[in-house]
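Enquirer: quick one, structure for this:
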Amino acid sequence: MTHPYASRAYAESLAHVGAALAVPAWDGQVLVRPTPDGSGCDAMGPYPLTAIPRDADLAGGLETLGAAGLVSVVLVADDRLRPSLESLDEAFDVARPFKSHFLHDRSLGPLAYAKHHRYELKRAVARVEAREIVLADHLPAWTALYGELAGRHGLVGLHVFPAAHHEALARLPGLRAFGAFTDSGLVSAHLFVTHDGYAVSHLAASAPEGYATGAAYAVNDLAIAALTDCETINFGGGAGFGDDPNDGLVRFKRGFSNRTAPAFLCGKVLDPAAYEMLSRGFARTGFFPAYRGAPAQEPADGLPPA
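Expert: Residues are numbered from 1 along each chain as shown. Prediction:
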């Protein structure tokens with residue numbers, strides 16, 4: 001059965017990033033977007049992860065993308081939703097660990113929260129009501145919550161999700177949503193995409209009142225208790241491209257996890273001549289594709305070094 005992230009409807013909800021293109025050999029989709037100079041197009045996998053069956057014909061999928069006239073493709077593969085590392089390494093020019101994801105793995109037994117998370121959870125439970133919600137019933141409140149977060153953190157590009165994306169999430173098979181409420185309404189929410197016993201954190205947001213009450217602690221604790229059909233819950237990684245142990249988001253997610261697993265950055269040059277032309281004048285620090293990184297001698301602002 002196709003993973004929700006591989007569906008056409010999901011890819012089309014990311015039209016602000018690019019146009020959906022089916023890759024039958026991968027049982028999924030990529031997003032086609034113009035290159036920065038507008039001379040051609042390249043592709044990227046859907047946010048936040050590209051789900052590729054373990055037995056997928058990777059070479060066949062890359063042939064499809066090459067035949068479409070694309071310059072390159074880049075994607076992030078989840079540690080569970082991917083072919084073998086040997087297959088990835090053979091098929092792609094770049095196939096390397098991206099950053100660590102924090103997992104709650106039920107097979108390792110019950111998780112005992114550390115002192116900090118116990119304190120914050122106790123405080124949150126006394127101040128908010130956490131419950132599972134049907135996203136469609138709370139869509140305006142959720143989109144307002146996420147919009148407020150995007151504005152507060154200055155999110156741009158991919159992370160400025162249009163209304164169509166949130167509406168598609170409300171219809172997405174396997175979507176599970178958890179929210180925290182006060183008298184003011186919804187103050188924190190966390191959306192997960194579940195499939196075949198595996199849950200992936202998709203988006204989470206809190207209002208100022210949610211931060212003040214520690215509502216996200218109650219929401220995550222409820223999600224762990226409620227997602228009993230999922231042996232593993234992937235809470236994702238920290239902000240940015242690295243694994244900074246001092247990052248507050250890393251500390252928060254680590255407190256709900258009992259192991260980590262890497263995500264993998266995979267990239268392939270499909271049109272070498274066009275790729276080299278586009279990459280002239282850009283720093284060769286390993287960013288992929290290089291022409292979406294930073295010009296030479298300037299700080300990089302793109303995908304991490306390979």
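Enquirer: can you pull the poorly scored residue ranges out of the protein?
Expert: Applying pLDDT under 70 to the chain picks out residues 240-246, 296-306.
Enquirer: where do the strands sit along the stretch 201-306 of the chain?
Expert: Taking DSSP state E, counting those that start in this stretch as the test, the strands found in the stretch 201-306 of the chain are 232-234, 259-269.
Enquirer: right, so those: which one is the most enclosed?
Expert: strand 232-234 (a mean of 22; mean count of other C-beta atoms under 10 Å). In this view, the C-beta of every residue, glycine as well, is placed from N, C-alpha and C.
Enquirer: circling back: distance to W142 added to the strands of the stretch 201-306 of the chain, as TSV?
Expert: Formatted as TSV, the strands of the stretch 201-306 of the chain follow (distance: least, C-beta to C-beta, whole Å):
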stretch	distance to W142
strand 232-234	20
strand 259-269	25
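Enquirer: to A19, which of these lies closest?
Expert: strand 259-269 (19.0 Å; C-beta to C-beta).
Enquirer: packing partners for that closest one?
Expert: strand 72-77, helix 85-91, strand 94-105 (3 or more C-beta pairs under 8 Å, 6 or more residues apart in numbering; DSSP states H and E).
Enquirer: give me that answer again for 10 Å
Expert: Counting contacts by 3 or more C-beta pairs under 10 Å, 6 or more residues apart in numbering; DSSP states H and E, strand 259-269 is packed against strand 41-44, helix 58-67, strand 72-77, helix 85-91, strand 94-105, strand 232-234, helix 272-279.
Enquirer: same list (these) but as CSV, adding distance to K115.
Expert: CSV is the format used below for those (distance: least, C-beta to C-beta, whole Å):
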stretch, distance to K115
strand 41-44, 41
helix 58-67, 45
strand 72-77, 33
helix 85-91, 37
strand 94-105, 18
strand 232-234, 22
helix 272-279, 50
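Enquirer: contacts only, for L135.
Expert: Contact partners of L135, counting by C-beta atoms under 10 Å, 6 or more residues apart in numbering, are 141-142, 166-167, 169-172, 175-177, 179, 189, 191.
Enquirer: quick one, domains of this structure?
Expert: 4-100+263-292, 102-261 (automatic domain parsing).
Enquirer: one step back: out of the strands of the stretch 201-306 of the chain, which gets nearest to G109?
Expert: Nearest to G109 among the strands of the stretch 201-306 of the chain is strand 259-269; the distance by C-beta to C-beta comes to 11.4 Å.
Enquirer: export only the CA atoms of the closest one, formatted as PDB.
Expert: The C-alpha trace of strand 259-269 is given here as PDB (Å, rounded to 0.1, in the frame of the first residue of the first chain):
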ATOM      1  CA  ARG A 259      16.700   5.900  20.300                       C
ATOM      2  CA  THR A 260      17.800   7.800  17.300                       C
ATOM      3  CA  ALA A 261      18.000   7.000  13.600                       C
ATOM      4  CA  PRO A 262      19.500   8.900  10.700                       C
ATOM      5  CA  ALA A 263      17.700  10.400   7.800                       C
ATOM      6  CA  PHE A 264      19.700  10.300   4.500                       C
ATOM      7  CA  LEU A 265      20.300  13.100   2.000                       C
ATOM      8  CA  CYS A 266      20.300  11.600  -1.600                       C
ATOM      9  CA  GLY A 267      21.200  13.600  -4.700                       C
ATOM     10  CA  LYS A 268      21.800  12.700  -8.400                       C
ATOM     11  CA  VAL A 269      23.100  14.800 -11.300                       C
END
